[in-house]
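Enquirer: coordinates for the following, if possible.
(chains A and B)
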Amino acid sequence: MTAASWPRGEPALDRLLHLDPRTCRKRDRRVGDLPALLKSGDLLVLNDSATLPASLRGRLGDAPVELRLAGRRADGAWDAVLFGAGDWRTRTEDRPTPPPVRAGDRLSFGLQLTAVVEAVSAISPRLVTLRFEQTEDAFWTALYRHGLPIQYAYTAGPLALWDTQTSYATRPWSVEAPSAGRPLGAGLLSALAKRGVGIETLTHAAGLSSTGDPALDRALPLPERYDLPARTIAAIEATRARGDRVVAVGTTVVRALEGCVRAHGRLRAGEGVTDLRIGAGFAPRIVDGILTGMHEPEASHFALLEAFAPRAVLAEAHAHAESVGYLAHEFGDSMLILAGA
Amino acid sequence: MLVTGASRGLGAALARRLGRAGARLALVARGAEDLEALAAEIRATGGEAHALPGDVGEKRDAHRLAGAAAALVGPIDVLVHNASTLGPVPLPLLLETDCEDLERVLAVNLVGPFRLTKIIAGAMALRGHGLVVHVSSDAAVAAYPRWGAYGVSKAAQDHLGRILAAELEGTAVRVVSVDPGEMSTRMHADALPDADPATLAAPDAVARKLVTLIERPEAFAPHGGRVELATLPDEEAP
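Expert: Numbering: from 1, shown residues only, chains lettered A, B, ... in the order given. Modelled structure (predicted):
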């Protein structure tokens, strides 16, 4: 499937493949048709995390490296992945490996941003836990000054911070964009609300999608933190009590909700961390359907969708989408997997 | 809460009062030194304030500031657009104002606040509460000679607020413009160096009233409307 190489101007006109996993029927629609595909009483749950400038260019000793933040720990340390020299023009698989790194090593990203490695992961020598040496205010100012959003080799040029945000983003927890919500602008959200569709949010720290390091990619997603507001839980419970449908916008929302309910036996308000892995055979307890971006069948993303539709049905839907020109990846077209009219 | 133009004048007075009232504050201004001193002062008195130096008239800065602010204080539920520029002083006649200077005034006083609102208000609407305050001016309404660039920017900002309010009707986001009246600030001295400071309000007295409005906007400010702060009661005792 061809990748959309740049954010497109009118997201409501982006294509939307509606797949009913019960009847296996698929329909070609537009994102702007969403209000007609949902019913009054249905609930959309969105991830309101903003996207961090998670890619930092700096030095490890004399060697140029790129550091990609993977997630922030509760104690303020960060998990991060090192890449060798090079930039977004080279696929991560083809990038040189970074020099070996040990606990105690210092990384610098200009004068105002430095970090000390606290531990190197057993999963991959490129996955480290580190701590920045600046105060909170100075760290965030410097991160936003020196960092760029994580880049993709398929884009037409380097992405700026504003290319990677949803219209409702707030706390910057995600290291890659929670891109399923990218087409949901103020106008479409307002049309959904007028239709009687509930719209609630949670915050989930979307992690790295791939690193080009096979051992590390097999371990993705790493544990991710989320914050679940009480009002969202109340809306989910009311929706389910009525027999209406809860639709997750993006796989991160599925991870937060299903991870929370498996860890605690119920949805619990507040912050948590989930290491839930979702795939074939996983029976969602909270989420009835998903609005998601189009991705390649080999992506780990695809495995997660198997919780909502059998692989053969997904593969057929994907083949159809490819044959009629759907575009893939972060700026691509969308798919709604949802049963019932 | 996020307050722009926070390093001096009304912005600094407002930040001190909001800090005392327990707000988690992200403070923005161009000058890092004054801003950091103010944030340290607020923290020393038990408040929470973070200094984020930047220029709201610059696209890159606006996105950086909004991100860092939400990282430090959480989702922004009150956004106070207080930063503004007069343009060149002494204030020139409009016909003698360089177009580039007018563009810069509009960038700082109109487009910059609009951009920050765009970045922040979407989450406010979904989270079910939010307040956007535009600090306006008498010059938005009256046509004072030599206040052209500034007056145009403030009139446009007022109208931007009215249209935003109309579009946000039915959400929990409220947009208001406030006219603080004439205050003894550096901006006022730059504009009218011969004014008698004794005739001008102290920024702190105006900030008190602004806190009253921020705490209960529904009581004092019609959605999308313009409020003269002088007509408001003082901040209620906590």
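Enquirer: for stretch A:87-98, C-alpha coordinates in PDB please.
Expert: Once non-C-alpha atoms are left out, stretch A:87-98 reads as follows in PDB (Å, rounded to 0.1, in the frame of the first residue of the first chain):
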ATOM      1  CA  ASP A  87      18.500  11.100   9.600                       C
ATOM      2  CA  TRP A  88      15.000  10.400   8.400                       C
ATOM      3  CA  ARG A  89      16.100  10.000   4.800                       C
ATOM      4  CA  THR A  90      17.500   6.600   5.700                       C
ATOM      5  CA  ARG A  91      15.200   3.800   6.800                       C
ATOM      6  CA  THR A  92      15.900   2.800  10.400                       C
ATOM      7  CA  GLU A  93      16.800  -0.700   9.300                       C
ATOM      8  CA  ASP A  94      19.600   0.700   7.200                       C
ATOM      9  CA  ARG A  95      21.000   3.100   9.800                       C
ATOM     10  CA  PRO A  96      24.400   2.400  11.300                       C
ATOM     11  CA  THR A  97      24.300   1.100  14.900                       C
ATOM     12  CA  PRO A  98      25.300   3.500  17.600                       C
END
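Enquirer: got a list of contacts for it?
Expert: Outside of stretch A:87-98, the residues within contact range by CB atoms under 8 Å, 6 or more residues apart in numbering or on different chains are A:60, A:63, A:65-66, A:82-86, A:126, A:151-153, A:155, A:158, A:210-212. C-beta coordinates here come from the backbone N, C-alpha and C atoms, glycine included.
Enquirer: PyMOL command to pick out the buried ones of these?
Expert: Applying 16 or more other CB atoms under 10 Å in any protein chain shown to the contacts of stretch A:87-98 leaves a buried subset, and the PyMOL line that selects it is:
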select buried, chain A and resi 60+65+66+82+83+84+126+151+152+155+210+211+212
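Enquirer: restrict the contacts of stretch A:87-98 to contacts with chain B.
Expert: Among the contacts of stretch A:87-98, none lies close to chain B by the criterion of CB under 8 Å from any CB of the partner chain.
Enquirer: how close does B:A37 get to B:D61?
Expert: B:A37 sits 20 Å away from B:D61, going by CB to CB, to the nearest Å.
Enquirer: hey, where'd the helices end up in the stretch 101-250 of chain A?
Expert: Remark: helices of the stretch 101-250 of chain A, listed N- to C-terminal, are A:136-146, A:186-195, A:214-219, A:230-242; assignment by DSSP state H, counting those that start in this stretch.
Enquirer: counting contacts, what elements does the last one pack onto?
Expert: Counting contacts by 3 or more CB pairs under 8 Å, 6 or more residues apart in numbering or on different chains; DSSP states H and E, helix A:230-242 is packed against strand A:43-47, strand A:198-204, strand A:246-249.
Enquirer: mind giving me the packing neighbours of the last one?
Expert: This points to strand A:246-249. strand A:43-47, helix A:230-242, helix A:251-264, strand A:289-293.
Enquirer: so which of the ones you listed is the most surrounded?
Expert: strand A:43-47 (a mean of 27; mean count of other CB atoms under 10 Å in any protein chain shown).
Enquirer: that one: what's the following helix or strand?
Expert: Proceeding C-terminally, strand A:43-47 gives way to strand A:50-51 as the next helix or strand, assigned by DSSP states H and E.
Enquirer: how many neighbouring residues does B:E100 have?
Expert: The local packing of B:E100 (other CB atoms under 10 Å in any protein chain shown) involves 8 other residues.
Enquirer: quick one: it from B:V111, how far?
Expert: From B:E100 to B:V111 the distance is 14 Å (CB to CB).
Enquirer: returning to what we had before: tell me which of B:A37 and B:D61 has more neighbours.
Expert: Between B:A37 and B:D61, counted using other CB under 10 Å, the more crowded position is B:D61 (21 against 14).
Enquirer: so what's the more buried one up against?
Expert: Under the contact definition (CB under 8 Å, 6+ apart), the residues listed for B:D61 are B:54-55.
Enquirer: who's the residue of the stretch 201-341 of chain A found nearest chain B bridged to?
Expert: Scanning the stretch 201-341 of chain A for proximity to chain B using CB to the nearest CB identifies A:T201 as nearest, at 5.1 Å. As for beta bridges, A:T201 partners with A:L46 under DSSP bridges.
Enquirer: what's the following helix or strand after the longest strand along chain A?
Expert: Ranked by residue count under DSSP state E, the longest strand found in chain A is strand A:63-72. Tracing the chain C-terminally past strand A:63-72 and defining elements by DSSP H and E, one meets strand A:78-83 next.
Enquirer: residue 223: how many residues sit nearby?
Expert: By default, I'm working from chain A. The number of residues packed around A:P223, counting by other CB under 10 Å, is 15.
Enquirer: let's do chain B instead
Expert: Other residues within reach of B:H223, judged by other CB under 10 Å, total 17.
Enquirer: what about the nearest residue to it once chain neighbours are set aside, which SS state?
Expert: Residue nearest to B:H223 in three dimensions, not counting chain neighbours: B:A165, with 4.8 Å by CB to CB, 6 or more residues apart in numbering or on different chains. Under DSSP: H, G, I helix; E, B strand; the rest coil, B:A165 falls in the helix class.
Enquirer: what pLDDT does B:A165 get?
Expert: At B:A165 the predicted local confidence, pLDDT, stands at 96.
Enquirer: any idea how many residues pack against it?
Expert: Under the neighbour criterion other CB under 10 Å, B:A165 is assigned a count of 19.
Enquirer: now do the same contact list for it.
Expert: The contact partners of B:A165, taken as CB under 8 Å, 6+ apart, are B:174-175, B:223-225.
Enquirer: next: A:L192.
Expert: So, once contact is read as CB under 8 Å, 6+ apart, A:L192 ends up touching A:34-35, A:38, A:44, A:199.
Enquirer: likewise B:Y150?
Expert: B:Y150 is in contact with B:84-87, B:91, B:105, B:109, B:137, B:139, B:191, counting by CB under 8 Å, 6+ apart.
Enquirer: mind redoing it with 6 Å?
Expert: Residues counted as contacts of B:Y150 (CB atoms under 6 Å, 6 or more residues apart in numbering or on different chains) are B:86, B:139.
Enquirer: could I get the phi/psi values of it?
Expert: When quoted as degrees, to the nearest 10, the phi and psi of B:Y150 stand at phi -60, psi -50.
Enquirer: report pLDDT for it.
Expert: We have a pLDDT of 98 for B:Y150.
Enquirer: measure it to B:G170 for me?
Expert: Relative to B:G170, B:Y150 is positioned 33 Å away (criterion: CB to CB).
Enquirer: ditto for B:L110
Expert: According to CB to CB, B:L110 and B:G170 sit 25 Å apart.
Enquirer: near chain B, which residues of the stretch 1-150 of chain A are found?
Expert: Within reach of chain B by CB under 6 Å from any CB of the partner chain, the stretch 1-150 of chain A has these residues: A:48, A:50, A:137, A:140, A:144.
Enquirer: tell me the contacts of the spatially most central residue of chain B?
Expert: Nearest to the mean C-alpha position of chain B, by CA atoms, centre = their mean, lies B:N82 at 1.6 Å. Neighbour list for B:N82: B:3-5, B:11, B:135 [criterion: CB under 6 Å, 6+ apart].
Enquirer: and for B:R24, the neighbour number?
Expert: Neighbours of B:R24 under the rule other CB under 10 Å: 18.
Enquirer: surely it meets B:A49?
Expert: No. B:R24 sits out of contact with B:A49 when judged by CB atoms under 6 Å, with a separation of 8.2 Å.
Enquirer: returning to that earlier point: could you work out the most separated pair of the residues of the stretch 1-150 of chain A next to chain B?
Expert: A:D48 and A:D137 (23.2 Å; CB to CB).
Enquirer: the more surrounded of these two?
Expert: Higher neighbour count among A:D48 and A:D137: A:D48, with 26 against 19, using other CB under 10 Å.
Enquirer: for burial, what's the neighbour tally of the spatially closest residue to the more buried one that is not a sequence neighbour?
Expert: Using CB to CB, 6+ apart and skipping residues adjacent in sequence, the residue nearest A:D48 is A:T201, 4.2 Å away. When counting by other CB under 10 Å, one arrives at 26 neighbours for A:T201.
Enquirer: can you pull the contacts of A:T201?
Expert: Applying CB under 6 Å, 6+ apart as the definition, the contact partners of A:T201 turn out to be A:46, A:48, B:126.
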